[in-house]
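# I would like to see how this sequence folds:
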Amino acid sequence: MSTHAARLAALRAELAQRALAGFVVPLTDEHMSEYVGGYAQRLAWLTGFEGSAGTAVVLPVEAAIFVDGRYTLQVREQVDAEHWAYVGVPQTSIAEWLRAHAPAGARIGYDPWLHTPGWVRDAGAALAAKGAELVPVAGNPVDAVWADQPAPSPAPLAPYSAERAGRGAAEKRAKLAEWLVARQADALVLTALDSIAWAFNLRGADVAHTPVGLAYALVRADGTADLFAAPEKITDAVRAHLGNAVRLHPRADFATALGTLKGQRVAVDPERAVAAIFDALEAGGATILAERDPVVLTKACKNPVEIAGHRAASVRDGAAVARFLRWVEATAPQGSLTELDCAAKLLEFRQAGGALRDTSFDTISATGAHGAIPHYRVDAVSNARLEPGQLYLVDSGGQYEDGTTDITRVIPVTEPTPEQRDRFTRVLKGHIALATAVFPPGTNGGQLDAFARRPLWEVGLDYAHGTGHGVGAYLSVHEGPQRIATPNYPGGGPAEPLRPGMIVSNEPGYYQAGDFGIRIENLILVEERATEGGTMLGFETLTFCPIERRLIEPALLTPAERAWVDAYHARVLAVLGPLFDADELAWLNSKCAPLDVG
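Predicted structure coming up:
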């Protein structure tokens, strides 16, 4: 029996002991995080799936894993089809699947610290229609059978200076207090790790690639706050940074504290706070105000200091990626490079700048067919050699104290085929269409998403992921509420108007299963534009690194699109050129030369 099959059997035995006919295993933690610490990697431990979004449902005989279009290929490589059915979302929801597959009268367990109240409501209703029941568990049954489960990270928190953040923590909490007073509320529950990091100007090291610390917070209408974090995380520097207005408590005391708010009006985000928090507040007699975490939007609209920091980080990062591309171009044709070699070398180039704190996610270093897996993650087993005729795709980013970066580039190992050039150029046309979009205030990313897809749609092609996600300021590389996607694609959801100061990615792509993948990604800043008819919005491109000219078919570009490429490369040369030595500069000049239209 394989390792993962044995784990599935152990979980089923544990469920039987608890008189449960099934259990739902999401990929999240008690903060509803996208990226989670090792202790919360229950889905990967159980199934082998290493993507960043997914859920499993285990029944006595059946088991299913739910992933979106980004992971259609990856899940089949990593999860054994003998034991797991692959189910696509959003085409099929977990609630719908449970209604169809759960036995009548079954008790299906869930961990109330890992699901939102809305999910509990929908799944419970679906099961009730079958005469089955959704049951909260005390103690996660996966944890009960995970013998070597890591403990939560003990890493200390660290102050993040107002000089970096652009605003002091006391000022931020005062604004949150004003928000509470305006709603006649007494307290605000903060559970999202990046919201807490932003509101208290703290950073941590509890989640790989995301500088946050495990904590909860209660912000009061009088401007004071309660921060719940493990005592070993609180250093003297953190105490001094927070001051007397922030009361410190062990993280383990948070649930008990929720029960002490009887008679108080407490604001809680139903999308970011788990069901157990709502249950504790209700049991304690608090009046719950279902409100979106007010930090979310304020954090998304970067202040001038954060924008300046991101620009500086982008230049530093773009230089590292450009040097790396030069190295790959020179080395790959020799036939010795592997995906792991490339990922390691790119890290070296970023570290050489001296400011890198971490990568912002696991580098996607993908050659050939692996490039067709949008969130491919190379390891010792999958590691492939870069071969002639392949396209090499690298999607990566850096965490710097002044900014978080994310960039994707594609280069041919040798000469590209006409088909590869056609597909790349169509993706580039979509990238340009979004980069040059001008739109009225109130426009959301879903309304712009088709701009990037149209050149592919015109020949019957598409890509199964959103076009853009928000990016934090030395925080999460995936940050809401802004996104460029429709509900039909992963990353879609409630439409959020784009606002000045928001940073989003611009990353259309194309993926030919078994052959190659293409994605062109820059980060862009929403800014105001003065037009003849009044104030509109547009984008400033923040990322500077050459776009591979050998993959561009100039004849497919309009004059305006060719002008954009040439202007972008001229800017890349102006920004990165002063950082390069003579040999590097000669290469950069060749990559940034105007397109030859024949």
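
# For the helix or strand containing W587, buried residues please.
Following DSSP states H and E, the helix or strand that holds W587 is helix 582-591. Neighbour-count burial for helix 582-591 flags E584, W587, L588, K591 (criterion: 16 or more other CB atoms under 10 Å). All C-beta spots, glycine's among them, are computed from the backbone N, C-alpha and C.

# what does stretch 346-354 give?
In stretch 346-354, the ones that count as buried by 16+ other CB under 10 Å are L346, L347, F349, R350, G353.

# Next one, pLDDT for the first one please.
As summarised for this prediction, L346 has a pLDDT of 98.

# Nearest residue to it in space, ignoring adjacent ones along the chain?
Here the nearest residue to L346 in space, its sequence neighbours aside, is F324; by CB to CB, 6 or more residues apart in numbering that works out to 4.6 Å.

# before we move on, the earlier item: neighbouring contacts of the helix holding W587?
If you take CB atoms under 8 Å, 6 or more residues apart in numbering as the criterion, helix 582-591 is touched by A322, R323, R326, P546, E548, R549, H569, V572, L573, L576, G577, F580.

# Contact partners for the closest residue to W45 other than its chain neighbours?
Counting by CB to CB, 6+ apart, W45 lies nearest to W146, which is 5.8 Å off, once chain neighbours are set aside. Listed by CB under 8 Å, 6+ apart, the contact partners of W146 are R7, R42, W45.

# neighbour-wise, which of these leads?
Each of the contacts of W146 was scored by neighbours using other CB atoms under 10 Å; the highest score is R42's, at 24 neighbours.

# For the residue nearest to that one when sequence neighbours are not counted, what is the enclosing helix or strand?
In this structure, R42 finds its nearest non-sequential neighbour in V142, 4.5 Å apart by CB to CB, 6+ apart. Using DSSP H and E, the secondary-structure element containing V142 is helix 141-145.

# go on, L347?
L347 is part of helix 339-351, with elements assigned from DSSP H and E.

# elements contacting that helix?
For helix 339-351, the contact count by 3 or more CB pairs under 8 Å, 6 or more residues apart in numbering; DSSP states H and E identifies helix 304-331, strand 356-359, strand 364-367, strand 391-396 as packing neighbours.

# Turn these into a markdown table, columns for mean pLDDT and distance to T260.
Shown next, in a markdown table, are the helices and strands packed on helix 339-351 (pLDDT from 0 to 100; distance: least, CB to CB, whole Å):
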| stretch | mean pLDDT | distance to T260 |
| --- | --- | --- |
| helix 304-331 | 98 | 36 |
| strand 356-359 | 98 | 37 |
| strand 364-367 | 98 | 46 |
| strand 391-396 | 98 | 46 |
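
# export the ones you listed to JSON lines and tack on mean neighbour count and distance to G124?
Converted to JSON lines, these look like this (neighbours: other CB atoms under 10 Å; distance: least, CB to CB, whole Å):
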{"stretch": "helix 304-331", "mean neighbour count": "21", "distance to G124": "41"}
{"stretch": "strand 356-359", "mean neighbour count": "18", "distance to G124": "39"}
{"stretch": "strand 364-367", "mean neighbour count": "26", "distance to G124": "37"}
{"stretch": "strand 391-396", "mean neighbour count": "26", "distance to G124": "38"}
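
# Distance to E77 for the ones you listed - can I get that in JSON lines?
Listed next are the helices and strands packed on helix 339-351 as JSON lines, based on distance: least, CB to CB, whole Å:
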{"stretch": "helix 304-331", "distance to E77": "24"}
{"stretch": "strand 356-359", "distance to E77": "22"}
{"stretch": "strand 364-367", "distance to E77": "12"}
{"stretch": "strand 391-396", "distance to E77": "17"}
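
# of all these, which lies closest to D402?
helix 304-331 (3.3 Å; CB to CB).

# give me every residue that touches L15.
In this structure, L15 makes contact with A21, G22, F23, V58, P60, G109, P141, judged by CB under 8 Å, 6+ apart.

# what about it, which SS state?
With DSSP: H, G, I helix; E, B strand; the rest coil as the basis, the three-state label of L15 is helix.

# change the start of the numbering to 18 and stick with it
With the count now opening at 18, the last piece we talked about shows up as L32.

# Nearest to P120 among the contacts of W163?
R24 (22.6 Å).

# Might one say that that closest one is in contact with W62?
Yes - at 6.8 Å, R24 and W62 qualify as touching, with contact defined as CB atoms under 8 Å.

# Would you mind listing the buried residues in the helix or strand of the chain with the lowest mean pLDDT?
For the chain, the helix or strand with the lowest mean confidence is helix 89-95, at a mean of 87 (criterion: mean pLDDT, DSSP states H and E). With burial defined by 16+ other CB under 10 Å, the residues of helix 89-95 counted as buried are T89, L90, Q91, V92, Q95.

# The first one touches A481, doesn't it?
Yes - checked against CB under 8 Å, the pair T89 and A481 is within contact range at 7.0 Å.

# hang on, isn't R340 packed against R367?
No - in this structure, R340 is not within contact of R367 by CB under 8 Å, at 9.5 Å.

# so what's the spatially closest residue to D375 that is not a sequence neighbour up against?
Setting aside the residues directly before and after it, D375 is nearest to Q416 in space (CB to CB, 6+ apart), at 4.2 Å. When the contact criterion is CB under 8 Å, 6+ apart, the partners of Q416 are H226, T227, P228, L373, R374, D375, T376, S377, Y491.

# gap between P595 and V427?
To V427, P595 is 26 Å away according to CB to CB, to the nearest Å.

# So for those two, which sits in the more crowded spot?
Looking at P595 and V427 with other CB under 10 Å, you find the greater number of neighbours at V427, namely 26 against 10.

# I'd assumed the more buried one was in a strand, is it?
Yes - secondary structure assignment (three-state DSSP) places V427 inside a strand.
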